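**Q** turn this into a model:
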Amino acid sequence: MATFESYLDDNKTRFEQDLCDWLKIASISTDSAYKEQVLQAAQWLHRRIDALGFHTELIETCGHPIVYGESPAIANAPTVLVYGHYDVQPPDPLDEWETPPFEPNIRGGNLYARGATDDKGQMITHLFSVEAWKKTMGDLPVQIKFLIEGEEECGSGGLYEFLAGKYDQDQPVTEKLAADIAVISDCSQYGPGQPAITYGLRGICYFELLLNGPSQDLHSGAFGGSVANPANALSKMMTALIDEQGRIQIPGFYDDVIPLTELERKQFADLNFDNDAYMKQLDVDDLSGEAGYSTLERRWARPTFDINGMWSGYQGEGAKTILPAHAGAKFSFRLVPNQDVEKITESLRTMLLQICPAGIQMELVEHHGAPGFVLPLENPYMQAASDAIEHGFGTKPVLIRSGGSIPVVNSFSSQLKIDTLLLGWGQDDDNLHSPNEKFSLADFHKGIRSSAYLWQEIAKIPT
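**A** Below you'll find the predicted structure:
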């Protein structure tokens, strides 16, 4: 019987073609005009998982369907929950794509298409690895459950209702999704030729501040200096949230922050991050952030504040001397593990009310929030993943954190009581959410091989 290694080698071209076929389906979840294409992408995946001999379901939700599949349980062996998403971001601006976003194109060893790396290309590596095991070894060494949603790019409303038990039928969702570990491949390696395991994520809380002054825009000459200006107030209030050293000024904001250990700081330093190359990549002439921390520490493991958008007053061509009636801003905080979203929200609200000028009415809108996540380095599944990736990539992975947030990781922890392995096969420059999204085909195949070894390594862990 052929080994899964030889099967993977023999089927490289077919794997690439299968992925291209899936990428041709414009599964844009945020735009209702693409509802049929989103369903087609779900049905395509459902058929592929069903062909593996899995028990499969296409679960209807308040939004787009969830694709679910599970292999038979194996006595005394772990169960792995594989999460991913089949929806993609809108491709705009279209005129910046070198080739059409839903016509996959291979050039320079990369596959270019919307969804190539986020997340169709990364997610499907696990499906292909399962196929290789089934075709060559007969049975999987672990039970695998696929949970693939179609709304990750628009809030995951259906998934969270599903996890809350709204769509329970024959069994509670906590039983249906019971597992020993979850696996997500929707992130990146540390850099070219250097695979990584992401063991930490930052959390987030996102807000919108709306300020209202006079009932209508006023002439700034006739009324300026006698009426509070919402735009001026907004600028002062936003500035008050952070000081010149990059420290957030909300009372109690840092009370629950767990300091980085010396070991973690050494691990980050040993990665030899190149600040100059980073500035060149971003086309900036300097870096900034919280004083006393390195660039990687600021990006991965320290909380931050960012204004995401501001508006007020006249935006047209030329000048218009007005005192605007309204002003607003959208802003967010990235949080580190152990920070409490509700506690920070209440402290923020209290502070803004205190500094809001007289004559201005304030409304603070809470959009969404999620805590940070850290997987303990001594977790046995970390070593299993490290060994599998070393088999697949030929290089031992480094341990990194991510500055981004994946809220479903917290849901798995709080509702399913399982930890998550974050194993990214992509690169930071894969243009996620941007024109010319790409995925290295070499890394695509290394990801499939790593996934195949992952099932073998996880099977060694006692349950």
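**Q** only C-alpha atoms for contact and neighbour calcs from this point on.
**A** Will do.
**Q** count the neighbours of E378 for me.
**A** Number of residues near E378 (other C-alpha atoms under 10 Å) recorded here: 8.
**Q** who are the contact partners of it?
**A** Taking C-alpha atoms under 8 Å, 6 or more residues apart in numbering as the definition of contact, E378 has no neighbours.
**Q** next: S235.
**A** With C-alpha under 8 Å, 6+ apart, S235 has no contacts at all.
**Q** center of this structure - which residue?
**A** Centroid-nearest residue in the chain: I406, 4.4 Å away (criterion: C-alpha atoms, centre = their mean).
**Q** how much space separates that one from G252?
**A** Shown here: I406 relative to G252, a distance of 25 Å by C-alpha to C-alpha, to the nearest Å.
**Q** bridging residues for the nearest residue to A231 once chain neighbours are set aside?
**A** Once flanking residues are discounted, A231 sits nearest to A327: 5.3 Å by C-alpha to C-alpha, 6 or more residues apart in numbering. A327 has these beta-bridge partners by DSSP bridges: L211, S312.
**Q** read off the pLDDT value for A327.
**A** Looking at A327, its pLDDT is 98.
**Q** use 11 as the first number for this chain going forward.
**A** That works, and once the first residue is 11, the last one we named lands at A337.
**Q** thought it was touching I370?
**A** No - when contacts are counted by C-alpha atoms under 8 Å, A337 is not listed as touching I370 (10.2 Å).
**Q** higher neighbour count, the two?
**A** Comparing A337 with I370 by other C-alpha under 10 Å, the one with more neighbours is A337, at 22 against 19.
**Q** mind listing what the more buried one touches?
**A** Under the criterion of C-alpha under 8 Å, 6+ apart, the neighbours of A337 are L220, L221, N222, P240, A241, L244, M320, W321, S322, G323.
**Q** which residues in the stretch 111-260 of the chain form strands?
**A** Taking DSSP state E, counting those that start in this stretch as the criterion, the stretch 111-260 of the chain carries its strands at 115-117, 120-122, 153-159, 191-194, 206-211, 213-222, 228-229.
**Q** what residues are up against the nearest residue to S139 once chain neighbours are set aside?
**A** The shortest distance from S139 to any non-neighbouring residue, by C-alpha to C-alpha, 6+ apart, is to A462 (4.7 Å). By C-alpha under 8 Å, 6+ apart, the contact list for A462 reads F14, H136, S139, V140, A142, W143, A398.
**Q** most neighbours of all those residues, which one?
**A** Going by other C-alpha under 10 Å, H136 tops the contacts of A462 with 27 neighbours.
**Q** quick check: that one vs I59, distance?
**A** 11 Å.
**Q** phi and psi next, for D438.
**A** Main-chain dihedrals, D438, degrees, to the nearest 10: phi -60, psi -30.
**Q** what do you get for the one 4 residues further on?
**A** Dihedral angles of L442 (phi, psi; degrees, to the nearest 10) stand at phi -60, psi 130.
**Q** for it, give me its contacts.
**A** With C-alpha under 8 Å, 6+ apart, L442 has these contacts: T127, D128, K448.
**Q** low-confidence ranges in the protein?
**A** 11-12, 179 (pLDDT under 70).
**Q** quick check: which element contains the spatially closest residue to Y324 that is not a sequence neighbour?
**A** Spatial nearest neighbour of Y324, excluding adjacent residues (C-alpha to C-alpha, 6+ apart): K330 at 6.6 Å. Taking DSSP states H and E as the definition, one finds K330 inside no helix or strand.
**Q** burial measure for K330, as a count.
**A** What K330 shows, counting by other C-alpha under 10 Å, is a neighbour count of 12.
**Q** residue farthest from the centroid of the protein?
**A** Distance from the C-alpha centroid of the chain, by C-alpha atoms, centre = their mean, peaks at A232 (49.6 Å).
**Q** and R257, which of the strands of the stretch 111-260 of the chain is closest to it?
**A** The closest of those to R257 is strand 213-222. By C-alpha to C-alpha, the value is 16.6 Å.
**Q** how about residues contacting that closest one?
**A** Here strand 213-222 has contacts from 240, 244, 335-347, 351, 355, 370-383, 414-417, using C-alpha under 8 Å, 6+ apart.
**Q** now do stretch 394-404
**A** So stretch 394-404 is contacted by 205, 207, 405-407, 431, 456-464, 467-468 (C-alpha under 8 Å, 6+ apart).
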